[in-house]
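In: Quick one: sequence and predicted model below, then my questions.
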Amino acid sequence: MTTTAVDIDSNGQREAGFEYGRILLICMGHFVHDVYSAFIAPLLPLLIDKLGLTLVMAGSLPVFMQAPSLLGPVIGYLADRFSVRYLVIFAPAITATLATLIGFMPTYGTAALLLFCVGVNIMAFHAPAPAMIAHVAGGKVGRGMSFFMASGELARSVGPLLVGFGVAEWGMAGLWRLMFFGWLASAVLFWRLRDVSAKREARKSKSKPMLRRFARVFAPLLGVMLLRNMAASSLGIFLVVYLVDIRDFELTLATGALALYEFAGVGGALMGGTLSDRFGRRKMVAGATACAALLMLIFAHVEGALLVPLLIGMGFTALSVSPVFWRWCRISCRRTAPRPTACSCSTPLACARSM
């Protein structure tokens, strides 16, 4: 593995080949960061009891964490003009610190404010990262984004297991002990990336053509993205609450089910970009969305061991289209941003996440 990260900079040229070493380095940082952002959904049953929340209030807490996604284009714009290596370096430490302090929040308002801050830090990390992937993936951007998305899905499968362990050992108020893994990751990233520039040359703004281009892209995709994100988000947010409150699962077993669902999404994210490159994005998105909806319907009406293959199927299908959506939007906007930048790469992700 190389010891340098990717410059969003310099002479504006993309790497010719698929650079596994650099891609794995970026994905490693993505994995550590997203482990901590996956803490919130498994903790919702405990937060409901502690803060006296209704289901509507509990469901709105992750919304506060997703709301800063709308800042993605702004952060990407700044990332294209200033060195943002320290955002990438310290993001795991900051997210780890904030996420593990959720147990100390005394009210719904303070918990919402904390999660909003977590969301800002999440977007500060994710805005430049897809552009880095695009620069080192050569002509196989779909595969590169599949690796990137898969590392995030793997983190979201490890996160519930880690937080479940922490709650079992120390309770929700003792989760602060887990933040040190994030600080250790940031220390390693600082050692390896502190001398790497992430600033590119200044160039004339093309914001209006870009915005018009994105509007034309997202108009036909809006319905499909809304249906898909409703399925994926509802599962990711309420699966643990549903299993604990409706199915009477133990919290540790429910977090394990969420981890299985997210782990299946690793395979979906890996295969989604590759399959879309081979069979076409339209067929891939339509097939995955339809299968995910059907499996969710069946999941609500079965018991016992049959839940396991259904969880795997739902994770694989519902989470397989994220790299496909990103690549679809990126290709459509290539005329206004022929070279991948943090702004042009983060805008599709920001729109998809905010939906």
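Out: Yep, it's here.

In: Nearest residue to the middle of this protein?
Out: The centre of the chain sits closest to Gly152, judged by Cα atoms, centre = their mean, with a distance of 5.6 Å.

In: separation between the closest residue in space to that residue that isn't next to it in sequence and Gly313?
Out: Among residues not flanking Gly152 along the chain, Asp34 sits closest, at 4.7 Å (Cβ to Cβ, 6 or more residues apart in numbering). (C-beta placed from N, C-alpha, C; glycine too.) Separation of Asp34 from Gly313 (Cβ to Cβ, to the nearest Å) stands at 22 Å.

In: and what of Ala293?
Out: Taking Cβ to Cβ, one finds Ala293 at 12 Å from Gly313.

In: likewise Phe263?
Out: Distance from Phe263 to Gly313, counting by Cβ to Cβ: 13 Å.

In: Is Leu175 in contact with Thr97, as I believe?
Out: No: contact criterion Cβ atoms under 8 Å: Leu175 and Thr97 do not qualify, at 10.8 Å.

In: how many neighbours does Ile40 have?
Out: 23 (other Cβ atoms under 10 Å).

In: which residues does it contact?
Out: Neighbouring residues of Ile40 by Cβ atoms under 8 Å, 6 or more residues apart in numbering: Leu61, Pro62, Met65, Ala99, Ile102, Leu115, Val118.

In: let's see it at 6 Å
Out: Taking Cβ atoms under 6 Å, 6 or more residues apart in numbering as the contact definition, Ile40 lies against Pro62.

In: mind starting the numbering at 2 from now?
Out: Yep, numbering from 2; the last one is Ile41 now.

In: Distance of Ser234 relative to Gly172?
Out: 28 Å.

In: on that earlier part again, so between Leu176 and Thr98, which is more surrounded?
Out: Leu176 (24 against 17).

In: mind checking how far the more buried one is from Leu47?
Out: The spacing between Leu176 and Leu47, counted by Cβ to Cβ, is 10 Å.

In: same deal with Pro107?
Out: In terms of Cβ to Cβ, Pro107 sits 14 Å off from Leu47.

In: Between these two, tell me which one has more neighbours.
Out: Each of Pro107 and Leu47 has its neighbours counted (other Cβ under 10 Å); Leu47 has more, 18 against 9.

In: more crowded one of Ala294 and Gly314?
Out: Neighbour totals were compared for Ala294 and Gly314, and Gly314 leads with 20 against 16 (other Cβ under 10 Å).

In: Let me know the helix or strand that that one is in.
Out: If you go by DSSP states H and E, Gly314 is part of helix 308-319.

In: Tell me the gap between that helix and the middle of its chain.
Out: 18 Å (Cα atoms, centre = their mean, to the nearest Å).

In: Same check on stretch 24-37?
Out: 10 Å.

In: Using CSV, list the CA coordinates for that stretch.
Out: Presented in CSV, the C-alpha positions along stretch 24-37 are these (Å, rounded to 0.1, in the frame of the first residue of the first chain):
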residue,chain,number,x,y,z
ILE,A,24,-8.1,3.2,-3.3
LEU,A,25,-7.7,0.8,-0.3
LEU,A,26,-6.1,3.6,1.7
ILE,A,27,-9.1,5.9,1.1
CYS,A,28,-11.5,3.1,1.8
MET,A,29,-9.7,2.3,5.1
GLY,A,30,-10.3,5.9,6.3
HIS,A,31,-13.9,5.6,5.1
PHE,A,32,-14.4,2.4,7.1
VAL,A,33,-13.1,3.7,10.4
HIS,A,34,-15.0,6.9,10.1
ASP,A,35,-18.4,5.3,9.3
VAL,A,36,-18.1,2.8,12.1
TYR,A,37,-19.0,5.6,14.5
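
In: Contacts only, for Ile134.
Out: Ile134 neighbours (Cβ under 6 Å, 6+ apart): Gly145, Met146, Phe149.

In: Relative to Leu52, how far out is the second one?
Out: The one in question is Met146. Distance, Met146 to Leu52, by Cβ to Cβ: 37 Å.

In: Nearest to Lys284 among the contacts of Ile134?
Out: The shortest approach to Lys284 among the contacts of Ile134 belongs to Met146, at 18.1 Å (Cβ to Cβ).

In: packing partners for the helix or strand containing the closest one?
Out: Under the criterion of DSSP H and E, Met146 resides in helix 142-171. Where contact means 3 or more Cβ pairs under 6 Å, 6 or more residues apart in numbering; DSSP states H and E, helix 142-171 is packed against helix 21-38, helix 130-137, helix 252-280, helix 323-333.

In: Apply 8 Å and report the result again.
Out: helix 21-38, helix 41-52, helix 130-137, helix 252-280, helix 323-333 (3 or more Cβ pairs under 8 Å, 6 or more residues apart in numbering; DSSP states H and E).

In: Which of the ones you listed comes out lowest on mean pLDDT?
Out: The stretch with the lowest mean pLDDT among those is helix 323-333, at a mean of 60.
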